[in-house]
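K.L.:
Turn this into a structure:
(one chain, ligands or ions: 1)
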Amino acid sequence: MRYSPGRPGAASPAGGPWRNWAGTAAATPARWGQPQSEAEISASVKDAAAAGLRVRALGSGHSFTPAAATDGLALDLSGWTGIVAADTRTGTVTVRSGTTLRALNAALDGLGLAMANLGDIDAQTVAGALSTGTHGTGARLGGLATQAEAFGLVLADGSAVMCSASERPELFAAARVGLGALGVVSTVTLRCVPAFMLAAEEGPELVDDVIERFDSMAAENDHFEFYWFPYGRYALVKRNNRLSPGRTAAPNVRASRPMPGWRRFWEFEVMENAGFGTLCRLGRAAPRIIPALSRFSSAALSTRSYTDASYRVFVTPRRVRFVESEYAVPRESLGGVLAELRRAVPRLPDPVMFPVEVRVAAADDIWLSTAYGRDTAYVAIHQYTGLPYRAYFDAFESIVAEVAGRPHWGKMHTLDAERLRALYPRFDDFRRVRAETDPEARFGNSYLERVLGQSLPSYDEPARRRTAWGERRVIRLAASACGRRERSTACRSLAR
Ligand SMILES: Cc1cc2nc3c(=O)[nH]c(=O)nc-3n(C[C@H](O)[C@H](O)[C@H](O)COP(=O)(O)OP(=O)(O)OC[C@H]3O[C@@H](n4cnc5c(N)ncnc54)[C@H](O)[C@@H]3O)c2cc1C
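P.N.:
Below you'll find the model as predicted:
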């Protein structure tokens, strides 16, 4: 296994500072590890414990929150990839955690399989995407974590365990959207479906009509979403519907009509990335013209109709950088939330350059899933990188707070454990499993301290822990931030 000390100035993983895709989070890990096997993951966790370091597994850095940030050991899993086992009859596929969704989709396609639903990019690692509750859209479908059947996990003591609905079921219930708080995910077993084609219909529609007919359109289409340009009259509406299983379309449906390469390049690279990026740069240089640019973008939306392998339709390139916040709201409250947002945007001190994205998901039973126990609409707001966004995001948060909105764990939000606890009926169960599994918060970081409220022994300040005064202070800090069970766990671990 390769270890390297932090190298200030280096920009990429495997030595040096770490930075996320959006540039909203950065850290300087004390140490980097690049395990190539589960045994090496275990060894690196044990070594970190011996050195008094906390541990975070890294995905592709596509979370906007500092979910993966660490000042301890950063585990770069880009050398731990590929499919371990696949049963094409049942669709069960076990994959190493550092595999990107892009690589997974291609490998599944080769096996005649596919993920039932995906988000709109494929740069994330499998474990990174699952850990924050990544989702796509579909009123009858859940997020990616609903497709997970089992996990291989390396725990804080370095032991490697399996968990599933039948084996360590509570650990599995927590790990499905685990925030990297329970251990290093080593493998993920996914329940895949036979490869399928999607017929994509995309085009502009009046935003008032789209909002009014939202429920019926979400019900009538397998995957329905829309993008609304805040100052424009039109939304870009995307309807993706499944054709029969298998790569060959059945006689009663249209045959495969993938978008020709040149059109794909024009639509996605030129129009949605290069062209839109130019408009964004113009808007950043002259913010006063942003509403006009937004109206122009809204009016210039084109109509597209094509059929392709599911993963090629779900995913599009995203090269223009932005910041994002996304909240899951009860489906029935979507109309009110959008009405409030439409009232708020014109009153903001700074104009908004990026569209609002609206998606749906079915209720699920995953403890920290944003769709736990309720049919959900997702409202995602964005701003072009470098433009002010705080007032916009604050206004959005106060609107969704009125309807018990739950923030995406990987996108920007300001909620802390106290607020989140009220939003998740199984929040304390998650914290209990975490306290039992990782009593010293080996896999903690400051983001988890905020969202889970657990401030166990401070690895940032080891000297303080050596003094009796320091121990009392850490216990007081932990006690004020944790539940009763965690409090006693904190005391026990400090007493060791
Ligand atoms: C352009 C863009 C588009 C996006 N589109 C969508 C979308 O359509 N839908 C959606 O829901 N979200 C979307 N996201 C958010 C993104 O899917 C999530 O933030 C996701 O977590 C990022 O995955 P990652 O591999 O980059 O993980 P990272 O951001 O690197 O890490 C996320 C978390 O996973 C943990 N982790 C990673 N690997 C492991 C492991 N092996 N074991 C334990 N913990 C681990 C990390 O410690 C961290 O806590 C998008 C983000 C961007 C930048």
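K.L.:
Can you classify Met412 as helix, strand or coil?
P.N.:
Secondary structure for Met412, judged by DSSP: H, G, I helix; E, B strand; the rest coil, is coil.
K.L.:
Need the three-state assignment for the residue in the stretch 251-400 of the chain that the ligand sits nearest to.
P.N.:
Shortest the stretch 251-400 of the chain-to-the ligand distance, computed as C-beta to the nearest ligand atom: residue-wise this is Arg318, at 3.9 Å. All C-beta spots, glycine's among them, are computed from the backbone N, C-alpha and C. Here Arg318 is coil, with the state taken from three-state DSSP.
K.L.:
Please apply the same query to the one 5 residues further on.
P.N.:
With three-state DSSP as the basis, Val323 sits in strand.
K.L.:
my read: it touches Pro388, true?
P.N.:
No. At 10.2 Å, Val323 does not count as touching Pro388 under the criterion of C-beta atoms under 8 Å.
K.L.:
So those two - more neighbours on which side?
P.N.:
Neighbour totals were compared for Val323 and Pro388, and Val323 leads with 22 against 14 (other C-beta atoms under 10 Å).
K.L.:
Show me what from the stretch 351-496 of the chain comes close to the ligand.
P.N.:
Taking C-beta under 6 Å from any ligand atom, the part of the stretch 351-496 of the chain that reaches the ligand is made up of 408, 410.
K.L.:
Excluding sequence neighbours, find me the nearest residue to the residue of the stretch 251-400 of the chain closest to the ligand.
P.N.:
Nearest residue to Arg318, sequence neighbours excluded (C-beta to C-beta, 6 or more residues apart in numbering): Ile121, at 5.4 Å.
K.L.:
so who does the residue lying closest to Thr88 once chain neighbours are set aside touch?
P.N.:
Spatial nearest neighbour of Thr88, chain neighbours left out: Leu111 (5.5 Å); criterion: C-beta to C-beta, 6+ apart. Leu111 sits next to 83, 86, 88, 93 when contact means C-beta atoms under 8 Å, 6 or more residues apart in numbering.
K.L.:
any low-confidence regions in the stretch 151-300 of the chain?
P.N.:
Along the stretch 151-300 of the chain, the model assigns pLDDT under 70 to residues 244-256, 263, 265-266, 269-271, 274.
K.L.:
Next to the ligand, which bits of it? Give me the list.
P.N.:
Contact residues (C-beta under 6 Å from any ligand atom) of the stretch 151-300 of the chain with the ligand: 179-180, 184-185.
K.L.:
what would the residues you listed look like in TSV with distance to Ala309, secondary structure and neighbour count?
P.N.:
As requested, those are exported to TSV (distance: C-beta to C-beta, whole Å; DSSP: H, G, I helix; E, B strand; the rest coil; neighbours: other C-beta atoms under 10 Å):
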residue	distance to Ala309	secondary structure	neighbour count
Leu179	31	coil	23
Gly180	31	coil	28
Val184	32	strand	27
Val185	27	strand	27
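K.L.:
quick revisit: report how many residues lie close to the residue of the stretch 251-400 of the chain closest to the ligand.
P.N.:
15.
K.L.:
for it, what are its contacts?
P.N.:
120-121, 273.
K.L.:
Please flag which of those residues sit within strands.
P.N.:
With strands taken from DSSP state E, there is no overlap with the contacts of Arg318.
K.L.:
ok, which residues in the stretch 1-150 of the chain are in contact with the ligand?
P.N.:
21-22, 56-63, 67-68, 77, 97, 119-121, 124-125, 127-129, 131-132, 134-135.
K.L.:
Those in helices, which ones?
P.N.:
Counting by DSSP state H, the part of those found in helices is 127-129, 131.
K.L.:
Return the member of the residues you listed nearest to Glu436.
P.N.:
Proximity of those to Glu436 was ranked by C-beta to C-beta; the top entry is Ser131 with 19.0 Å.
K.L.:
Now do the same contact list for the residue of the stretch 301-450 of the chain found nearest the ligand.
P.N.:
At 2.4 Å from the ligand, Gly410 is the closest residue in the stretch 301-450 of the chain, using C-beta to the nearest ligand atom. Gly410 makes contact with 62-65, 67, 132-134 under the criterion C-beta under 8 Å, 6+ apart.
K.L.:
Which of these are buried? Put it as a ChimeraX command.
P.N.:
Selection of the buried residues among the contacts of Gly410 in ChimeraX, burial being defined by 16 or more other C-beta atoms under 10 Å:
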select :62,63,64,65,67,132,133,134
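K.L.:
Of the contacts of Gly410, just say which sits nearest to Arg426.
P.N.:
Distance ranking of these against Arg426, using C-beta to C-beta, places Gly133 first at 13.5 Å.
K.L.:
my guess is that closest one contacts Ser369, does it?
P.N.:
Yes. Between Gly133 and Ser369 there is a contact at 5.4 Å, judged by C-beta under 8 Å.
K.L.:
for stretch 24-43, how far is the first residue from the last?
P.N.:
In terms of C-alpha to C-alpha, to the nearest Å, the two terminal residues of stretch 24-43 are separated by 31 Å.
K.L.:
repeat for stretch 125-145
P.N.:
Note: stretch 125-145 ends 13 Å apart using C-alpha to C-alpha.
K.L.:
Would you mark the buried spots in it?
P.N.:
Those would be 125-139, 141-145, for stretch 125-145 by 16+ other C-beta under 10 Å.
K.L.:
Also stretch 164-174?
P.N.:
Result for stretch 164-174 [16+ other C-beta under 10 Å]: buried residues 168, 171-174.
K.L.:
Let me have those in a markdown table, extended by secondary structure.
P.N.:
A markdown table is the format used below for the buried residues of stretch 164-174 (three-state DSSP):
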| residue | secondary structure |
| --- | --- |
| Arg168 | coil |
| Leu171 | helix |
| Phe172 | helix |
| Ala173 | helix |
| Ala174 | helix |
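K.L.:
Closest one of these to Arg312?
P.N.:
Phe172 (31.4 Å).
K.L.:
That closest one against Cys163, yeah?
P.N.:
Yes. Counting by C-beta under 8 Å, Phe172 touches Cys163, with 4.0 Å between them.
K.L.:
so what sits against both of the two?
P.N.:
With C-beta under 8 Å, 6+ apart as the test, Phe172 and Cys163 both reach 150-151.
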